[in-house]
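Colleague: Kindly return the folded structure for what I paste below:
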Amino acid sequence: MYAIILDGGRQYKVSEGQIIDLDYRDVPGGETLKLDRVLCVSDGATVKLGEPNVDGATVSAEVIGPQKGEKIYIQKFRRRKNHRCRTGHRQLYTRVRISKIEGI
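Modeller: I've put the predicted structure just below:
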């Protein structure tokens, strides 16, 4: 069984027990998130497509905690000006475990 959900402008194909990183939310670990923007639900034999969302379909996810992404370096350079600038950035994510898919 899988579902395709929309969160933060991105689509994720999820199944029960899967661990994914969503955009950062200020929620403590152990809480439950209810993701209700479900675009597609399938149990292997049947597929329900939404227009744009599937009516009555929800995905429940348990929050594991905050997670940092990999380091990205930004380099700026201006020729002939002796100007070089290097900074780094690590994006924050919220790591969740998909616990239940409902709506098929």
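Colleague: for this protein, which residue is closest to the average position?
Modeller: The residue lying closest to the centre of the chain (CA atoms, centre = their mean) is L22, at 2.7 Å.
Colleague: Could you list the buried residues of the helix or strand hosting that one?
Modeller: Here L22 sits within strand 19-23, counting by DSSP states H and E. Within strand 19-23, the residues scored as buried using 16 or more other CB atoms under 10 Å are I20, D21, L22. C-beta coordinates here come from the backbone N, C-alpha and C atoms, glycine included.
Colleague: The second one touches Q91, doesn't it?
Modeller: Right, D21. No - the pair D21 / Q91 is not scored as a contact, 9.3 Å apart, by CB atoms under 8 Å.
Colleague: so what pLDDT did the residue lying closest to G8 once chain neighbours are set aside get?
Modeller: Closest residue in space to G8, ignoring its immediate chain neighbours: D23 at 3.9 Å, by CB to CB, 6 or more residues apart in numbering. If you check D23, the pLDDT there is 96.
Colleague: G103 now?
Modeller: The model's pLDDT for G103 equals 83.
Colleague: What count of nearby residues applies to it?
Modeller: By other CB atoms under 10 Å, 16 other residues sit near G103.
Colleague: Could you give the bridge partners of the residue nearest to G8?
Modeller: Here D23 sits in beta bridges with Y93, going by DSSP bridges.
Colleague: Next, the contact list for it, please.
Modeller: With contact taken as CB atoms under 8 Å, 6 or more residues apart in numbering, D23 is in contact with D7, G8, Y93, T94.
Colleague: didn't the last one look like it was pressed against P28?
Modeller: No - if you go by CB under 8 Å, T94 and P28 don't touch, sitting 10.4 Å apart.
Colleague: tell me, what's touching these two both at once?
Modeller: V63, G65.
Colleague: ok, which stretches of this protein are strands?
Modeller: 2-7, 10-15, 19-23, 32-35, 38-42, 47-49, 58-68, 72-78, 83-89, 92-102 (DSSP state E).
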